[in-house]
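Q: Show me how the following folds:
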Amino acid sequence: MNDEYAWVLQAQQGNDDAFTQLVETYQKPVYNLCYRMLGEPEIAEDAAQETFLRAYQNLHRYDSSRSFGTWILSIAAHYCIDRLRKKKFSVFSIDAEDEDGMSFEVADTSSPDPEVESVKKEERDRLHILLKDLDPTDRATVIMRYWYDYSEVEIAESLKLTVSAVKSRLHRSRRALAGMWQAEMSRAQPERRSHESLAF
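A: Numbering: from 1, shown residues only. Below you'll find the predicted structure:
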């Protein structure tokens, strides 16, 4: 944390090397948040670059009592919410998740049980696709809570919401995702059953 605080202070005084250190530290979490929000690698890459550009331009506004990570991820989340409001993405690309070490792709080729990993990845992919049906702010709230383990207070600060609004958005989103998940599973189940009965 001391290094990070020193980098921020130096970057605020115009030291580009210090800002580069901050970019290298946060480029992966920022890109991953943008990817989960926007769903397409190229667009997420552009959004991550825009996030760092905005952070650089607004370094003088950074409040050192907050975590730098919280601040930069809130810039990314706001930018992605704006993008989603301007243009609705109808399809999430999941084919590209094998590239560039996406954090959704946690299956290891040397894993002792590739079948289990394959099922886990399938479930993560499905959840990732379901996220697109949530309102952009709800989507950001869910991602920050369950992927980044932000507290409700941190999410409220980042997205300029009240804590009670965050709680209500999380509750509504969990119910919506659970309903969509259930519908997906019940659609998939009859197909499996008919396949199994034919096999016998």
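Q: Please list all residues in contact with the most centrally placed residue in the chain.
A: By CA atoms, centre = their mean, the mean C-alpha position of the chain lies nearest to Leu33, the distance being 3.0 Å. Applying CB atoms under 8 Å, 6 or more residues apart in numbering, one finds that Leu33 lies in contact with Leu73, Ala76, Ala77, Cys80, Ile143, Met144, Trp147, Tyr148. Yep, even glycine has a C-beta here, placed from its N, CA and C like the rest.
Q: Go through those residues and flag which are in helices.
A: Among the contacts of Leu33, the members found in helices (DSSP state H) are Leu73, Ala76, Ala77, Cys80, Ile143, Met144.
Q: Roughly how far does the closest residue to the fifth one other than its chain neighbours sit from Val166?
A: Looking back up the chat, that one is Ile143. Of all residues not flanking Ile143 in the chain, Arg36 sits nearest, at 5.1 Å (CB to CB, 6 or more residues apart in numbering). Distance check for Arg36 against Val166: by CB to CB, to the nearest Å, it reads 18 Å.
Q: Then Phe19?
A: 30 Å.
Q: next one: Lys86
A: For Lys86, the distance to Val166 - CB to CB - is 24 Å.
Q: if you count what's nearby, which of these two comes out ahead?
A: For the pair Lys86 and Val166, the greater number of neighbours falls to Val166 (24 against 7), based on other CB atoms under 10 Å.
Q: Test for you: state the pLDDT assigned to the more buried one.
A: On pLDDT, Val166 comes in at 94.
Q: and if you look at Ala199?
A: As summarised for this prediction, Ala199 has a pLDDT of 43.
Q: May I see the buried residues of stretch 139-149?
A: For stretch 139-149, burial by neighbour count (16 or more other CB atoms under 10 Å) applies to Arg139, Ala140, Thr141, Val142, Ile143, Met144, Arg145, Tyr148.
Q: quick one: contacts for the closest residue to the second one other than its chain neighbours?
A: Same thing as Ala140. If the residues on either side of it in the chain are set aside, Ala140 comes closest to Ala77, at 4.4 Å by CB to CB, 6+ apart. Contact analysis of Ala77 by CB under 8 Å, 6+ apart lists Leu33, Met37, Ala140, Ile143, Met144, Ser158, Leu159.
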